[in-house]
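> just need the structure, nothing else, for what follows:
(one chain, ligands or ions: 1)
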Amino acid sequence: MAGARGSAAFRRGGKGSEAVVAKSATVPARAVVARAVLVRSALAGAALAFARALRARSALAGAALVVAVVPASAGAQGTGGARPEATPAPAPRSAPAPAPRSAPALPPVRSKARLARLACVSGCAEGGAVRPGALLRVRGRGLRRTAEVGFSGAPGEADDVASAPARRRRTFVDVRVPLGAATGPVTVLDRDGVASAPAPVPLSVEPAIPATAAGRPSIDVDVQAPKAYFDALRPMRVSYVVHDDRPVDVRVELVRQADEAVIASWAPGVVQPETPQVVQWNGVAGGRVQRAGRYAFRVTAADEGGALRATSAQAGPPVPSAERDPSEFVFLRHQFPVRGPHGYGEYAARFGGGRGHQGQDVFAACGTPMVAARGGLVKFKQYHSRAGYYLVIDGEQTGVDYSYMHLASAALVSKGERVRTGQLIGYVGDTGNTSGCHLHFEMWKRPGWYSGGSAFDPLPELLAWDRQS
Ligand SMILES: [Zn+2]
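Purely as a prediction, here's the structure:
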């Protein structure tokens, strides 16, 4: 199903959700844990001397021994979860393989949302089925923080679509069924990017009823999801249908909303009325990945002589007032890597906070899903006594290496593997020399991570991604 923001998350909530539900017998109060870590990190200054002693010992003894001899609370106060020492370079090939800690069995972070029932409100078909454009009410609990409703369709990402709800309440959300929706499971994604388990009964979607050709020609346009990420599994795609009494010549334009510039266009040629069409964009125009922001697809139809018959800029069918423009989406170049409640900690967690801290710590409950902030090629996947299970990804078209440390267990992707933005790469953990569950995140300029490049402060980027995704 989804590839972007929804991608990994919706996949978990969709196809993989049975496993998620089965494993989550014990779920920690995530927000409480995250807060507790933050409070502990505030105490870091008071215990600096102790922390130095601790680090000296850990350098000699290795992570496993430290974990064994140091009480968890003392460790947490000592380092605030941060690792102020320099990040270790990847172990030379000749070095003996480190003995990895056996990975703890972690409860996955589970959505607070529980879906109970799907009910069609308007634009319905027979027997509880919906048609594209219908208003669907998703009933359940914990739904106020819903960011997207995902329609998974058949297995696989290709037909996945998502839509932002028009109305959010604790016990229900209303959402318009997008054009591209197909019969299949329905899930919701919260603002932290955590997907719910699917509704108990899949949604049945029937084709739209062709509009009568009596009215003026018109065009319905629906983007695949309200947010789209560069290099994600879920492509940036738009579906459209022309309502007319004849075939028309179609042109599709991608408009940057900030300045209304047309940055890409497509000429699909003559299309049949009432037949859904699809156009896909890869995030690149003029050879460059486009900047983050709001974009919209605009579709126009002309007759044989070139005279305009309809444009999607015209008012389409009435949509719930709170709903966004269905032709518009937010394009992002990165996705925030921690998909769950999180915090940034105090000084020691910052770049340069404490000698040689080469990255930024993001605190979250152990077991919180971690996704690739940017797709690319896996450069390193290893275990190190200080970094724990870690992963370095050479970002696609960025010249930047992205590194992720202290994963709960070995990363879910392999060295040399091509990873997509938003792809699940592992879970937040506390492996290596750390005393609180967190992601230690680094960004390095080319030529890259411990190969001649230099680390820079990733916090401004993280904060921006956090706000947007
Ligand atoms: Zn760190």
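
> please count neighbours and contacts with C-alpha atoms only from this point.
Noted.

> would you pull up the residue in the stretch 201-350 of the chain closest to the ion?
residue 349 (5.8 Å; C-alpha to the ion).

> burial of that residue, as a residue count?
27 (other C-alpha atoms under 10 Å).

> wait, doesn't it sit right on residue 360?
Yes. At 5.8 Å, residue 349 counts as touching residue 360 under the criterion of C-alpha atoms under 8 Å.

> break the protein into its domains for me.
According to automatic domain parsing, the chain comprises the domains 5-25+110-190, 44-95+339-468, 218-332.

> lowest average pLDDT across the ones you listed?
Among these, domain 44-95+339-468 has the lowest mean pLDDT, at a mean of 77.

> could I get the domains of the chain in TSV, plus columns for distance to residue 200?
Putting the domains of the chain into TSV (distance: least, C-alpha to C-alpha, whole Å) gives the following:
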stretch	distance to residue 200
domain 5-25+110-190	7
domain 44-95+339-468	23
domain 218-332	23
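
> just the helices in this protein please.
5-13, 17-23, 30-42, 48-61, 63-69, 72-79, 459-468 (DSSP state H).

> what residues does the stretch 251-400 of the chain put near the ion?
residue 361 (C-alpha under 5 Å from the ion).

> mind redoing it with 6 Å?
By C-alpha under 6 Å from the ion, the residues of the stretch 251-400 of the chain that approach the ion are 349, 359-361.

> farthest-apart pair in the residues you listed, please.
The span of these, defined through C-alpha to C-alpha, is set by 349 and 359 at 8.0 Å.

> OK, contacts around the closest residue to the ion within the stretch 251-400 of the chain?
As assessed by C-alpha to the ion, the ion sits closest to residue 361 within the stretch 251-400 of the chain, at 4.7 Å. Contact analysis of residue 361 by C-alpha atoms under 8 Å, 6 or more residues apart in numbering lists 81-82, 344-345, 349-350, 438-441.

> neighbours of residue 275, how many?
12.

> ok, it touching residue 239?
No. Using C-alpha under 8 Å, residue 275 makes no contact with residue 239, being 10.1 Å away.

> which stretches of the stretch 201-350 of the chain form strands?
218-223, 227-229, 236-243, 248-256, 261-271, 277-281, 284-285, 288-289, 293-302, 308-311, 328-332 (DSSP state E, counting those that start in this stretch).

> so what strands line up beside the third one?
It stands for strand 236-243. Applying DSSP bridges, strand 236-243 is found paired with strand 218-223 (antiparallel), strand 277-281 (antiparallel).

> tell me the angle the longest one makes with strand 328-332.
Think strand 218-223. For strand 218-223 against strand 328-332, the angle by axes from the mean of the first three to the mean of the last three C-alpha atoms, to 10 degrees is 30 degrees.

> what does strand 218-223 rub up against?
178-180, 236-244, 297-300, 309-312, 314, 316-317, 326-329.

> and the closest residue to the residue of the stretch 251-400 of the chain closest to the ion other than its chain neighbours, bridged to which residues?
Distances taken as C-alpha to C-alpha, 6 or more residues apart in numbering put residue 440 closest to residue 361, at 4.5 Å, once the chain neighbours are dropped. With DSSP bridges as the criterion, residue 440 is bridged to residue 361, residue 405.

> contacting residues for residue 440?
Contacts of residue 440 by C-alpha under 8 Å, 6+ apart are 82, 359-362, 403-406.

> against residue 122, how distant is it?
Separation of residue 440 from residue 122 (C-alpha to C-alpha, to the nearest Å): 48 Å.

> do residue 446 as well
In terms of C-alpha to C-alpha, residue 446 sits 54 Å off from residue 122.

> is it true that residue 358 touches residue 351?
Yes. The pair residue 358 / residue 351 is scored as a contact, 5.5 Å apart, by C-alpha under 8 Å.

> hey, what's in contact with both of these two?
Common neighbours of residue 358 and residue 351 (C-alpha under 8 Å, 6+ apart) are 456-457.

> of the two, which one has the most company?
Neighbour totals were compared for residue 358 and residue 351, and residue 358 leads with 27 against 22 (other C-alpha under 10 Å).

> for the more buried one, what are phi and psi?
phi -90, psi 10 (degrees, to the nearest 10).

> state the distance from it to residue 154.
In terms of C-alpha to C-alpha, residue 358 sits 43 Å off from residue 154.

> cool, and residue 161?
From residue 161 to residue 154 the distance is 11 Å (C-alpha to C-alpha).
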